[in-house]
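A.B. asks: below are the sequence and a predicted model for it; my questions follow.
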Amino acid sequence: MAREVWITGIGLTSSLGEGLDAHWRAMAEVDQPQPVIDRVRAAPFAFHPMVPLDLDQQIPRKADQRQMEFWQRLGTYTAGLALADAGLVGDNEQLSQTHMVVAAGAGERDADADEGILTGISSAANPENFLNERLSSDLRPTLFLAQLPNLLAGNISIVHKVTGSSRTFLGEEISGVSAVEIVFRRIRAGQGDIFLVGGASVAGRKDMMLQRAIGGTLWAGEPVSVWARPERGGGTVLGSLGAFLVIESRDHAEARGRKPYARIGAVLSQQTRRRPGEAAAAAQRQFDEIAEVGGGGPPPVLSGATGMAQATAEEQGLLAALIDQGRISTVRGSANILGSGIEATFPALMGLGALALSRRGFFRPVDETGFEQPQSETPDRIVATTWGIWRGEGMGVVEAVD
């Protein structure tokens, strides 16, 4: 029989703060949650900056910190929070058996080197020779290696002694879904007992903002609710986000005396071509399957909607229909308070859902359109859904554990 899958540790960092208490206070306990937004450094595009972190708390060696870029430091730091929350720090025997699955981006570019090359190449007598010379001299081998996405997993292993197997997924939002889905399926199938899974994304980076701006995916001007953006052309507001989960089988957690935040009931993923109606049809099929998991009243939904016009309009239409049918109770768009965290979005939503179930509450609306309504009942399960900016549709459900 398939084994129960528990979330026993959550690490979370964002513009709202560090750790579970900070996020619960900012998202559930205040009457009107307020996002933290930087409107200046990348104007006309806003983003949610990372809260200042004392890196020494989770990455004590300065040498380790220096050889990482900030997105790797953020991921390694947040992974340490999850391991500490799960009671694994210092338990080398357990850490040696802990497997790791990371959802990673492509790393940061050296913006100064890029700017120098772009400035000089237009006036160079031989642009090709100029480019080759600058690339060979400006990009140090250590810098190039630091860009490799799987080095995030390597740094977590080195710093925190997590020495089981490791895998790295690339592919923006869907990589976060796939990472959690693989862990869920492996534990259910008996192919591992305990895993560390998650990702990290840093908003406000020059290279990322330039890439997204050229691609036409950023929201320009004053941020508004993701549910208000489709009719105004759509666009994303990026958010700095680190999210890692310790996920393990029930019998393994009980053997080491750990209680769960929640049980994972299902994780599903799909990738459509995003022709009109395809993503909504895929999500409808996913929800129909997930709706059979657990019981109780209609669950609320934590949505990773990005604000992109077609995808967000389709998702809102589906969610509105499910509300009208009494199949879900209400919706929260995480990007309204955290920004779009790309690879880290789905792990964060699953962690936030587990946190809400463990504290027998839910998060308050941050939405001027009125689409997000208060949650009147204490939920016994919560659905997380993430549609990628370009492609990839994922859904998962977490359930309360008595």
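C.D. replies: Ah, there it is.
A.B. asks: low-confidence stretches in the stretch 201-350 of the chain?
C.D. replies: For the stretch 201-350 of the chain, applying pLDDT under 70 flags no range at all.
A.B. asks: now stretch 11-23: buried residues?
C.D. replies: By 16 or more other Cβ atoms under 10 Å, the buried positions in stretch 11-23 come out as 11-18, 20, 23. The way it works is simple: take the backbone N, C-alpha and C, and place the C-beta from them, glycine included.
A.B. asks: mind checking which of the residues you listed land in helices?
C.D. replies: Cross-referencing those against helices under DSSP state H gives 20, 23.
A.B. asks: can you lay out the buried residues of stretch 11-23 as TSV showing distance to Pro300 and pLDDT?
C.D. replies: Formatted as TSV, these follow (distance: Cβ to Cβ, whole Å; pLDDT from 0 to 100):
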residue	distance to Pro300	pLDDT
Gly11	23	98
Leu12	19	98
Thr13	24	98
Ser14	20	98
Ser15	23	98
Leu16	19	98
Gly17	23	98
Glu18	25	98
Leu20	18	98
His23	17	98
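A.B. asks: let me see the contact set for the residue nearest the centre of the chain.
C.D. replies: A centroid search over the chain (Cα atoms, centre = their mean) returns Ala344, at 1.7 Å, as the residue closest to the centre. Residues in contact with Ala344 (Cβ atoms under 8 Å, 6 or more residues apart in numbering) are 103, 176, 198-201, 241-243.
A.B. asks: same thing but 7 Å
C.D. replies: Contact analysis of Ala344 by Cβ atoms under 7 Å, 6 or more residues apart in numbering lists 176, 198-201, 241-243.
A.B. asks: any idea how far Thr306 lies from Asn336?
C.D. replies: From Thr306 across to Asn336, the span is 11 Å (Cβ to Cβ, to the nearest Å).
A.B. asks: higher neighbour count, those two?
C.D. replies: The residue with more neighbours, out of Thr306 and Asn336, is Thr306; 31 against 25, by other Cβ atoms under 10 Å.
A.B. asks: give the residues shared as contacts by Thr306 and Asn336.
C.D. replies: Contacts common to Thr306 and Asn336, judged by Cβ under 7 Å, 6+ apart, are Val226.
A.B. asks: neighbour-wise, which one of the contacts of Ala344 leads?
C.D. replies: Busiest of the contacts of Ala344 [other Cβ under 10 Å] is Gly198, holding 37 neighbours.
A.B. asks: is it true that Glu248 touches Ile194?
C.D. replies: Yes. The pair Glu248 / Ile194 is scored as a contact, 4.0 Å apart, by Cβ atoms under 7 Å.
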